[in-house]
Every structure is written in C-alpha cells, then in structure tokens.
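Chemist: take a look and give me a structure for this.
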Amino acid sequence: MDTSKIENRIATAILDQAFKIHSELGPGLLESVYERCLQYELEQAGYHVVSQVPVPMNYKDIKFEAGFRIDILVNNKVLVELKSVENLAPVHFAQTLTYLRMSNLKLGLLINFNNKYLKDGIHRVVNNL
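Modeler: Below is the predicted model of the structure:
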C-alpha cells in the first residue's frame, strides 16, 4: 500500500478517537489527560502507540539524547502534537513541522482539545507527503 495512504488511514483513526474523547470529556482539561486517553483508545483499536517519545538530535558537536519529545507516535508513522490552550499560535504549527522534519516523519496532526468544537482545533501538518 502507498505510504501516504497508510499514514492517512492512521490519521483518520486518530481523529475518530479524538472526536470520541472530546465529545465525552469536553474542553478544558490538561493536555496530559487527553494524551493518555488518546493513547488508550488507539491501543484499544489495535494501533501501536508510544507517548512522550524522546527524539535524539545533534547540533554541531553537541549531542542531545532528547532534543524534543513527540506527544504521541502512532505505528511509527504519524506524529500527534496535543495542546489544550485557548488559541494555537503560529509557533505551534512551526514546532510540529520542525518535529516532523527532525524525526523524518511525513504526517503530523496538531490537535487542540480546548475548543468548543474539536474540528476547529484540528490541523494537518505535512513534511514532503
């Protein structure tokens, strides 16, 4: 199967579970609550899910064991950056794209659970997909 189709199928499953969680819990909780719930629901759906994945990086002669952490990584294909903030800022989109580039992933979902309607908080970020 085409790799972008696999990533899109995973992204659809992630969003299905995110909508389920948001409709049950609503906005206003800590990011960590949504992260754990999303991890649980995706695992229950049969996906391989890892949270707070440290990503090593180098800058010149400096080696970092964890230059950043991916909130959720699904099937080693789709990065999920979760927020629970009043408004997403341009830096959140840039951050997600940087994470994709540095982890050599193609597709990321930036999801802000702190919206009345979750659809207003979902953004797809791509890196050469």
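Chemist: average pLDDT for the lengthiest strand in the chain?
Modeler: Identified as the longest strand of the chain according to DSSP state E is strand 62-74. For strand 62-74, the mean per-residue pLDDT is 95.
Chemist: what packs against that strand?
Modeler: Applying 3 or more Cβ pairs under 8 Å, 6 or more residues apart in numbering; DSSP states H and E, one finds that strand 62-74 makes contact with helix 3-25, helix 31-44, strand 49-59, strand 78-83, helix 90-103. Using the backbone N, CA and C atoms, a C-beta is placed for each residue, glycine as well.
Chemist: which of the ones you listed sits most buried?
Modeler: Stretch with highest mean neighbour count among the helices and strands packed on strand 62-74: strand 78-83 (a mean of 23; mean count of other Cβ atoms under 10 Å).
Chemist: the inter-axis angle of that one versus strand 49-59?
Modeler: 90 degrees (axes from the mean of the first three to the mean of the last three Cα atoms, to 10 degrees).
Chemist: same for strand 78-83, what does it pack against?
Modeler: Counting contacts by 3+ Cβ pairs under 8 Å, 6+ apart, strand 78-83 is packed against helix 3-25, helix 31-44, strand 62-74, helix 90-103, strand 107-112.
Chemist: okay, the ones you listed in CSV with distance to residue 120 next?
Modeler: Formatted as CSV, those follow (distance: least, Cβ to Cβ, whole Å):
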stretch, distance to residue 120
helix 3-25, 11
helix 31-44, 15
strand 62-74, 19
helix 90-103, 14
strand 107-112, 8
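Chemist: report back the residue of this structure that's furthest from centre.
Modeler: Taking Cα atoms, centre = their mean, the residue of the chain most remote from its mean C-alpha position is residue 61, at 29.5 Å.
Chemist: pLDDT weak spots in the protein?
Modeler: When residues are selected by pLDDT under 70, those of the chain lie in 1-3, 129.
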